[in-house]
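Trainee: Next input, structure requested:
(one chain, ligands or ions: 2)
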Amino acid sequence: MSEKLIAPSVLAADFSNLQRDVEMINNSDADWFHIDIMDGVFVPNISFGMPVLRDIVKHATKTIDVHLMIVDPDRYIQTFADLGSNILTVHYEACTHLHRTIQAIKAAGMKAGVALNPHTSVHLLEDSIQDLDMVCLMSVNPGFGGQSFIENTYSKVSTLKEMITRKNTSTLIEIDGGVTNKNAKQLVDAGADVLVAGSYIFKSNDPVATVKDLRKLVN
Ligand code: DX5
Ligand code: ZN
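Mentor: Numbering: from 1, shown residues only. Ligands and ions are numbered 1, 2, ... in the order given. Presented below is the predicted three-dimensional model:
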């Protein structure tokens, strides 16, 4: 079994001490930086944009995992590549020509991910899973950090894992939203590879220790 990955979501960081928080994650057992980009249209919230990402990348020493919660993501693929994104995830619900979008992300030199809202069936990926480096299962409705985990996610993970095994692809399963020590183990047991955690890590008293505890739980 491959190693499980932990991706702190910078959305929950202290933006007035962003360099400090980025360096804290650099020096932790975490694997990736998860970056939430929200446009106020696809989701009812606006997070931050290019200048902030540029400054995060300037200090970050780990993989940059960008989650686009925006309409018409095709317009910004090259921009996010130029900013230093390693993985670019777009929403299934925001892409009319998903196949073309995935190919464009790869052509720009990034790994390609697709995120599914809680109501979107994993079966809709039957014909694209072989092209995907990652599927991000939203375990909350996208738009805000600090929401509670939707329990139906476990069965989506199992179904998706079965599809990935059957199709013999190496697609990673990422879980995003409400991840804590209460659900992490059950998620990886069901087949999850990457756990995103925002509030659980950054709002804890000792984020570095919280990452370490999460890592012990899942590996
Ligand atoms: C939600 C974002 C998540 C969020 C996770 O729209 O995509 O990445 O930051 O935050 P927590 O872990 O606090 O639910
Ligand atoms: Zn996210």
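Trainee: What is the neighbour count of the closest residue in space to L83 that isn't next to it in sequence?
Mentor: Nearest residue to L83, sequence neighbours excluded (CB to CB, 6 or more residues apart in numbering): L53, at 5.2 Å. For every residue, glycine as well, the C-beta is placed using N, CA and C. By the criterion of other CB atoms under 10 Å, L53 has 22 neighbours.
Trainee: Test for you: state the pLDDT assigned to L53.
Mentor: Confidence at L53, expressed as pLDDT, is 98.
Trainee: residue ranges of the helices in the chain, please?
Mentor: Using DSSP state H, the helices of the chain run over residues 18-26, 50-59, 77-82, 98-107, 153-167, 184-190, 199-202, 207-218.
Trainee: how far away is the residue nearest to L83 from V10?
Mentor: In this view, L53 and V10 are 9 Å apart by CB to CB, to the nearest Å.
Trainee: And for Q147?
Mentor: For Q147, the distance to V10 - CB to CB - is 17 Å.
Trainee: what's the answer for S139, then?
Mentor: Distance from S139 to V10, counting by CB to CB: 18 Å.
Trainee: next one: P118
Mentor: Using CB to CB, we find P118 at a distance of 22 Å from V10.
Trainee: Compare those two and say which is more crowded by neighbours.
Mentor: V10 (25 against 15).
Trainee: thought the more buried one was touching V22?
Mentor: Yes. If you go by CB atoms under 8 Å, V10 and V22 touch, sitting 7.5 Å apart.
Trainee: any residues in contact with both of these two?
Mentor: Counting by CB atoms under 8 Å, 6 or more residues apart in numbering, the contacts common to V10 and V22 are 33, 56.
Trainee: got the contact list for G109?
Mentor: A81 are the contacts of G109 under CB under 8 Å, 6+ apart.
Trainee: right, I mislabeled it, should have said M134
Mentor: When contacts are counted by CB under 8 Å, 6+ apart, M134 touches 87, 89, 111-114, 171-174, 194.
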